[in-house]
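Trainee: only geometry, no sequence info:
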C-alpha cells in the first residue's frame, strides 16, 4: 500500500438518502453496503458514507491517506504538531484507520494495514 490519498469519507445523517444521492452522482451502485458504512470504488478512488461520522466528531468530508506504517506515520504527525482525534481502529480485514487534526483544524485520515 503506497502513500497516497485513496479515500474520502463523508459524515451523513440520513444514510438511505445519502446513498441514493451518491448513487445518482457516481452512476453506480455501492460496492460496500452496510448499516455502518456505504462505499464505492470508482477508478481507484474510494468514496464512503459514515452514518456515525458526526457522532465521531467529523464536521465534513475527510480525506484518507494510505500509509505503509500507520503507527509510525501517526507518531510523526503528532511530533509535527497534529492532535489525534481517533486512535488506530480496525475497520476491516487487515485495515486500520486513524484521524488527526492539524493546527488549522483540518482533519486528515490515515489508512494502513496495522496498528
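Mentor: Great, that's in hand. Just so we're clear, the structure is a prediction, and the values are computed from it rather than from any experiment. Numbering: from 1, shown residues only.

Trainee: From here on, just use CA atoms for contacts and neighbour counts.
Mentor: OK.

Trainee: so residue 7 bridges to which residues?
Mentor: For residue 7, the beta-bridge partners under DSSP bridges are residue 46, residue 64.

Trainee: Was I right to think it contacts residue 46?
Mentor: Yes: between residue 7 and residue 46 there is a contact under CA atoms under 8 Å: 4.4 Å.

Trainee: Hmm, residue 39 is touching residue 46, no?
Mentor: Yes: with contact defined as CA under 8 Å, residue 39 counts as touching residue 46 (6.9 Å).

Trainee: what about those two, which has more around it?
Mentor: Between residue 39 and residue 46, counted using other CA atoms under 10 Å, residue 39 has the larger neighbour count: 22 against 17.

Trainee: Enumerate the positions of the top helix by length along the chain that are buried.
Mentor: In the chain, taking DSSP state H as the definition, the longest helix is helix 15-26. By neighbour count on 16 or more other CA atoms under 10 Å, the buried set for helix 15-26 is 15, 18, 19, 22.
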